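Chemist: Here's a sequence, model it:
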Amino acid sequence: MEKNRIIAQNFFALNDFSKLENGNYGVKGLLTILDDEQSNLNGYVYHSGCYDAFCNMYYAKNNKSIPLDLLHNVTDISHLAGKVTEFTSAGNEVRIVAEVSKSAVLFDNIVGLIEDGVLQGFSDMSFVTDYDLDAKTNLLHVKECQIFSVALVQNPAVVKSTLEALNATKFNFEEKKESKKSIFFGL
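Modeler: Sure thing, here's the model as predicted:
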């Protein structure tokens, strides 16, 4: 029985960013932790080697770059942000290095949103071509996928990966105290 292809979006965090000598803006981060049922909050478990065949056959063999877009919008040039320059699978992690192109229509906006901590992660979009769905855990086990873009996004699914240069949201939950109202003027 042939399985249908499904589209998966796997969010992961930016770990570093900086202006490059060529005027582009460099970002790098963790794509996913492999073979781990708890690292990705999106319900996917990426297994060792799941990206390898397609990346080698399409990108490496043909000397192509994985495109970098903004918020998974691959339909217009204003959301084209740059390219992935390094894709490394080692141990139980997959990491990337990417460049936001100085020629990107929204370059200043993208860089500002990264610096302000609004865009704080990557997400790859892939066709998952070989997988198992675990009915007990409701996890999708990705055995093979065809990655066709990486997007800059606001929420990464791999929580363990953080952008150290950014400040995380600070929460302050104070207990609500009852206040006594004044009898004067409703105060």
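
Chemist: so which strand or helix has residue 114?
Modeler: Residue 114 belongs to helix 107-115 when assigned by DSSP states H and E.

Chemist: Now do the buried residues in that helix.
Modeler: 107, 110, 111, 113, 114 (16 or more other Cβ atoms under 10 Å). Bear in mind the C-beta positions are built from the backbone N, C-alpha and C, glycine included.

Chemist: For that helix, which helices and strands make contact with it?
Modeler: Under the contact definition 3 or more Cβ pairs under 8 Å, 6 or more residues apart in numbering; DSSP states H and E, helix 107-115 sits against strand 6-19, strand 25-33, strand 93-100, strand 139-153.

Chemist: Same list (the ones you listed) but as a markdown table, adding mean neighbour count.
Modeler: Below are these laid out as a markdown table (neighbours: other Cβ atoms under 10 Å):
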| stretch | mean neighbour count |
| --- | --- |
| strand 6-19 | 18 |
| strand 25-33 | 23 |
| strand 93-100 | 21 |
| strand 139-153 | 20 |
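
Chemist: which residues touch the helix holding residue 114?
Modeler: 14, 17, 25, 27, 70, 81, 100, 101, 104, 119, 120, 152 (Cβ atoms under 8 Å, 6 or more residues apart in numbering).

Chemist: farthest-separated two in these?
Modeler: Pairwise distances across those peak at 19.8 Å for 101 and 120 (criterion: Cβ to Cβ).

Chemist: Kindly state the beta-bridge partners for the most centrally placed residue in the chain.
Modeler: Nearest to the mean C-alpha position of the chain, by Cα atoms, centre = their mean, lies residue 122 at 2.1 Å. Taking DSSP bridges, one obtains residue 12, residue 152 as the residues bridged to residue 122.

Chemist: Need the pLDDT of it.
Modeler: Predicted confidence (pLDDT) for residue 122: 82.

Chemist: Equivalent analysis for residue 73, please.
Modeler: With respect to pLDDT, residue 73 has a value of 86.
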